[in-house]
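>>> have a look; sequence and predicted model below, questions after that.
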Amino acid sequence: MTRLALLLGALVAALFLGSLTIGPAGVGAGESLRALVLGDAGPLTLVMREIRLPRALLAAIVGASLGLAGAAMQGYLRNPLAEPGLIGVSGAAALGAVIALQTGLAASWALGLPAAALAGALAAVLLVVALAGPRGTSLTLILAGIAISALAAALTSLVLNLSPNPFAASEIVFWMMGSLADRSMSDVWVALPFTALGWALLMTMGRGLDALTLGEDAAGALGIRLGRLQAALVLGTASAVGAATAVAGTIGFVGLVVPHLLRPLVGARPSRLLWASALGGAAMVLAADIAVRLVLPERDLKLGVLTALVGAPLFLHLIYRTRREMG
Amino acid sequence: MSLLSLSDLSVRLRGRDVLAGVTLDIGPGEVVGLIGPNGAGKTTLMRAALGLLPARGHSSLAALPPRARARAAAWMPQAREIAWPVSVETLVMLGRIPHMAGGQRPSEGDIAAVERALAAMGLGSFRHRTATRLSGGEQARALIARALAQDTPLIVADEPIAGLDPAHQISTMKSFARIAEDGRAALVSIHDLGLAARHCTRLVLLDGGQVAADGPPGEVLTPARLAEVFHVRGFFETTAAGPVFQALDVIG
Amino acid sequence: MSGCARRSDRRLRRAAAALGLWLGLSVAAAGPGGADEAPPARVVSINLCTDQLAMMLAAPGQLHSVTNLATDPRVSAMAEEAAAFPSNRGAAEDIYLMRPDLVLAGRYTAQPTVAMLRRLGIPVVVFDPALSLDDVRTRMVEMGAALGQEEAAARAVAIFDARRAALRESVSRRPSAALYYANGYTAGDRSLAGEILAAAGFENVAEAAGLSAGGRMPLEVLALAAPEAVVTARPYPGASRAEDILDHPVVRALREGRAAGAFADRDWICGTPHVLAAIESLAELRRTLPPEGPE
């Protein structure tokens, strides 16, 4: 599957370059890239290094985290409907982040924001695995996700409304729909350690997920330590999705769409799907972030709107298919 | 050299002794048929022996660390799960997981083992088909091939031939017999007493969580045992073509 | 008499103010009688800007209550004076129980509240926000009319005109400046903040970006415009994503680097004579900038 890896890698690289060169400043691609690398163009260099570069990097980081976490959850739960946004992990991470911001934790400790988001995400993943673990049906999974998402969204709205800041109350839209606008390099440095940790943990799951194709019993007999696998899933997802949500808000459906599209291309092998989904997720969020700047640029369209436009119909289609197979 | 040694193995579930004090030894060259009525504890015995269930007593396999255990015995559960639409070849290759580290490409030995397993189960022409789209019987054969590909001294299988057509039932049991001839062993649970009688070198009869009989088929399938444990009357004869058994009627 | 014609002819109004007449003005003074009656004795203001205008022009004992925002020094230029009055939160129930004979509200005060008060028989005068320095004069005259303090208003207007004239100076060069608020909002020349900027001698980059009336200016556009001065609002307590942009390295670089930074504070918010203080401090800032422009 190195061909697929090269193709996806090239796609991500191309979209990354596109993201760097598209923006309201309306400067040509060659000129902007020169300003980025050579650093001699004054205000343009400032724009490239402090506005466009962090935005493109974050799109790739967030996308990779969401795609990878989606593939890992689907592999572990053996359910193609599992996705961090749908099952409430992103919503709970957003709640953690909002609490950190409003209590001042994020201001007093540099890592306070991603740590709190990680804690929120951890609680949600543990809850989902407990409620709808590997033996749970799709129905249980979705119901658990609805409950957790609803609770997290309500509490987030409450915390924002209690804030002394008059802008906070209307910020629920950012947290629920996500945006990468006007991020800075400090957001990148804040998110990167946690997402990298998450990636490292999730990538160790490949062998175990392959074995789980045969079911828990057979996987255990193949020498897979299921307890460790679950711990890698829980901590890895919480870390990667938590940090990504802390800086970008909830961006849904990436972890659903990308594994679904790439599964046929990797022969349905869960281990291959992990890295493929990481690359595919990065590509998807980069593309969505570019689209947001091309379509209605003056309206500050939220990223989650575009991913939902693509992902929600697919979700409905998957539900329909699952229902047909079960019924 | 014993491939599986159980000593006083007991399992208590929900306040009931599902398995009580099972002691047996399996050595190379044996095809052991685990028989008994529904609920006798056959699946429990096998899972406890493999260490997949908490149990009292001693099991030589359960005492091993997971990686070593996976290279000592292959387990084929009754629930034939195939979670993702992988190809048959990929599915059978999963049996090589205990021999490969994470992220490794399959070695020559791995590929050869998969080829042997596919050939043994007659799946050569199926190798690129999607496993989830095969018929129930074909899926069962693919899963057996996975267990064979694992290349372990012992294979433990729970109802491996249920749902297969007669030709494949017989050829599967014969492949177990073949690996036994190679110096390995198989422990399989079977409902079909006729096939058990013909293809197993030894039968272990479980009743109510305890071993009711353990020996060659002729010694185990006596009319008294059939009546007491299975509540059936049967026909058993050792013919020129080997032992033949057929249950005839229900008693009482 | 209860008609409201806010947009009268400016020139005519100037003439009227200079003569001490109020031609062309009609102010809702519904209630017992009209302009010939005694001035309202118990006035309640439920808008921050009307609070301040009323405090400036009302006779002692005439103004009964102002909003709680008026005592907040972050947003009110007359926070100390406001402490002397009972505060209200603009809820119809509280207002009614104060038994006012006149309520002063803003155009964006909650419509249900205004409607409720009118239904309860309380006269409400609605003031539009001031969108220009000329509007500041107009509001003072309107407030004077509403309170029956036309003379006090005329005096205040005269002082305003004099101070405004004094602030006019000839500048050799108009440095570029940007107004940048939460969510990346900016205000152009056709706004009060924009006129303050212009009166202080700056050129607003929002005009070049086509945002004359205001709107969202992308951070990139701000960075490339490289204004010599950036005026932002001080962040509120608590945290918000909307205000994160004011902390963005680009904005900070602009404020702390070649450019100078200023804060749009309580003098800017309402159309009161305090805007002159804002113009003055901005003009001070302009004088510190290099006269030849950025290298």
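That came in fine, so what should we check first?
>>> can you check which helix is longest in chain C?
helix C:150-167 (DSSP state H).
>>> sorry, slip of the keys, the one I care about is chain B.
Max-length helix for chain B by DSSP H is helix B:166-181.
>>> run through who's touching it.
B:28-31, B:120-122, B:137, B:141, B:144, B:148, B:155, B:160-161, B:164, B:185-186, B:188, B:192, B:195, B:198-201 (CB atoms under 8 Å, 6 or more residues apart in numbering or on different chains). Quick note: C-beta positions are derived from backbone N, CA and C, even for glycine.
>>> how about stretch A:285-302?
A:12, A:15-16, A:18-19, A:22-24, A:55-56, A:59-60, A:62-63, A:66, A:173-174, A:177-181, A:249, A:251, A:254, A:303, A:306-307, A:310, C:215-216, C:218.
>>> try it again at 6 Å.
With CB atoms under 6 Å, 6 or more residues apart in numbering or on different chains as the test, stretch A:285-302 has contacts from A:15, A:18-19, A:22, A:24, A:59, A:62-63, A:177, A:179-180, A:303, A:306-307.
>>> now, of the residues you listed, which are buried?
Among the contacts of stretch A:285-302, those classed as buried by 16 or more other CB atoms under 10 Å in any protein chain shown are A:15, A:18-19, A:22, A:24, A:59, A:62-63, A:177, A:179-180, A:303, A:306-307.
>>> contacting chain C as well, which ones from those?
residue A:24 (CB under 6 Å from any CB of the partner chain).
>>> dump the buried ones among the contacts of stretch A:285-302 to JSON lines, plus pLDDT.
Shown next, in JSON lines, are the buried ones among the contacts of stretch A:285-302 (pLDDT from 0 to 100):
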{"residue": "A:15", "pLDDT": "97"}
{"residue": "A:18", "pLDDT": "95"}
{"residue": "A:19", "pLDDT": "94"}
{"residue": "A:22", "pLDDT": "90"}
{"residue": "A:24", "pLDDT": "85"}
{"residue": "A:59", "pLDDT": "97"}
{"residue": "A:62", "pLDDT": "97"}
{"residue": "A:63", "pLDDT": "97"}
{"residue": "A:177", "pLDDT": "90"}
{"residue": "A:179", "pLDDT": "91"}
{"residue": "A:180", "pLDDT": "92"}
{"residue": "A:303", "pLDDT": "92"}
{"residue": "A:306", "pLDDT": "92"}
{"residue": "A:307", "pLDDT": "93"}
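>>> mind checking which of the buried ones among the contacts of stretch A:285-302 are in helices?
A:15, A:18-19, A:59, A:62-63, A:177, A:303, A:306-307.
>>> about what we covered before: of the buried ones among the contacts of stretch A:285-302, closest to chain C?
Of all the buried ones among the contacts of stretch A:285-302, residue A:24 has the smallest distance to chain C: 3.9 Å, by CB to the nearest CB.
>>> confirm for me that the closest one is in contact with residue C:218.
Yes - assessed by CB atoms under 6 Å, residue A:24 is found in contact with residue C:218 at 3.9 Å.
>>> which secondary structure elements does the helix or strand following the longest helix of chain C contact?
Counting by DSSP states H and E, the element after helix C:150-167 in chain order, helix or strand, is strand C:176-180. Judged by 3 or more CB pairs under 6 Å, 6 or more residues apart in numbering or on different chains; DSSP states H and E, the packing partners of strand C:176-180 are strand C:229-233.
>>> ok now the strand it packs on, how far from the chain's centre?
Relative to its chain's centre, strand C:229-233 lies at 17 Å (CA atoms, centre = their mean, to the nearest Å).
>>> and stretch B:219-226, by the same measure?
That offset, for stretch B:219-226, works out to 22 Å (CA atoms, centre = their mean).
>>> quick one: terminal-to-terminal distance for that stretch?
End-to-end distance of stretch B:219-226 (CA to CA, to the nearest Å): 11 Å.
>>> can you list contacts of it?
B:203, B:205, B:213, B:232, B:234, B:236, B:245.
>>> flag every buried residue along it.
Those would be B:220-221, B:225-226, for stretch B:219-226 by 16+ other CB under 10 Å.
>>> now the contacts of stretch B:219-226: which count as buried?
Looks like those have B:203, B:205, B:213, B:232, B:234, B:236, B:245 buried, using 16+ other CB under 10 Å.
>>> just give me the closest of those residues to residue C:268.
residue B:205 (93.9 Å; CB to CB).
>>> I'd assumed residue B:211 was in contact with that closest one.
No - the criterion here is CB under 6 Å, and residue B:205 misses it with residue B:211 at 7.1 Å.
>>> sorry, back to before: let's have the contacts of stretch B:219-226 in CSV, adding secondary structure, pLDDT and distance to chain A.
Output for the contacts of stretch B:219-226, formatted as CSV (DSSP: H, G, I helix; E, B strand; the rest coil; pLDDT from 0 to 100; distance: CB to the nearest CB, whole Å):
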residue, secondary structure, pLDDT, distance to chain A
B:203, strand, 95, 24
B:205, strand, 95, 24
B:213, strand, 93, 27
B:232, strand, 91, 31
B:234, strand, 90, 33
B:236, strand, 90, 34
B:245, strand, 92, 30
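>>> give me the low-pLDDT residue ranges for the stretch 151-252 of chain B?
By pLDDT under 70, the stretch 151-252 of chain B has no low-scoring segment.
>>> how many residues are close by residue B:84?
23 (other CB atoms under 10 Å in any protein chain shown).
>>> that one looks like it's in a helix, true?
No - applying DSSP: H, G, I helix; E, B strand; the rest coil, one finds residue B:84 to be coil, outside a helix.
>>> state the distance from it to residue C:241.
With distances taken as CB to CB, to the nearest Å, residue B:84 is found 40 Å from residue C:241.
>>> same question for residue A:303.
In terms of CB to CB, residue A:303 sits 14 Å off from residue C:241.
>>> same thing with residue A:138?
35 Å.
>>> of the two, who's got more company?
Taking other CB under 10 Å, residue A:138 and residue C:241 do not tie; residue C:241 has more neighbours (23 against 19).
>>> contacts only, for the more buried one.
Residue C:241 touches A:171, A:174, counting by CB under 6 Å, 6+ apart.
>>> any regions of the stretch 51-200 of chain C where pLDDT drops low?
For the stretch 51-200 of chain C (pLDDT under 70), the answer is none.
>>> by proximity to chain A, which residue of it wins?
residue C:182 (5.5 Å).
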